[in-house]
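Student: what follows is a protein structure lacking sequence information:
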């Protein structure tokens, strides 16, 4: 998120009206509901985590132990178990 000077985008009368409420402070204006993006959509983080999770599941299916995967990916064993279970469910649903 970047800041834009209100005087560059708002009409003077609206700017003065807003100054009556918050003079010299910061104001966050959220996106409209129909223009919101889901988490990780903009940065690509979501797709990176999905790819990582598939790698974890593939390595698990190929015989690597939960403890080894936890150390390899710097995650807790509980997190690896959760990822494996989620990927199993996804694969099962895709097969039906």
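Tutor: Ah, there it is. From a predicted model like this one, the values you see are computed outputs, not experimental measurements.

Student: so what's residue 75 up against?
Tutor: Residues in contact with residue 75 (Cβ atoms under 8 Å, 6 or more residues apart in numbering) are 69, 83. Heads up, the C-betas are built off the backbone N, CA and C, glycines and all.

Student: which SS class is residue 26?
Tutor: coil (DSSP: H, G, I helix; E, B strand; the rest coil).

Student: can you list the residue ranges for strands in this structure?
Tutor: With DSSP state E as the criterion, the chain has no strands.

Student: tell me how it divides into domains.
Tutor: 6-35, 45-95 (automatic domain parsing).

Student: report the contact partners of residue 38.
Tutor: Taking Cβ under 8 Å, 6+ apart, we find residue 38 in contact with residue 46.

Student: output the longest helix belonging to this structure.
Tutor: Identified as the longest helix of the chain according to DSSP state H is helix 77-95.

Student: and that one, average pLDDT?
Tutor: Averaging pLDDT along helix 77-95 gives 93.

Student: residues of that helix that come out buried?
Tutor: Within helix 77-95, the residues scored as buried using 16 or more other Cβ atoms under 10 Å are 80, 83-84, 87.

Student: out of those, which comes closest to residue 31?
Tutor: residue 83 (30.4 Å; Cβ to Cβ).

Student: count the residues that sit near residue 6.
Tutor: Residue 6: 13 surrounding residues under other Cβ atoms under 10 Å.

Student: just the pLDDT for the closest residue to it other than its chain neighbours.
Tutor: Counting by Cβ to Cβ, 6 or more residues apart in numbering, residue 15 is the residue found nearest to residue 6 once chain neighbours are left out, at 5.5 Å. You'll see residue 15 listed with a pLDDT of 92.
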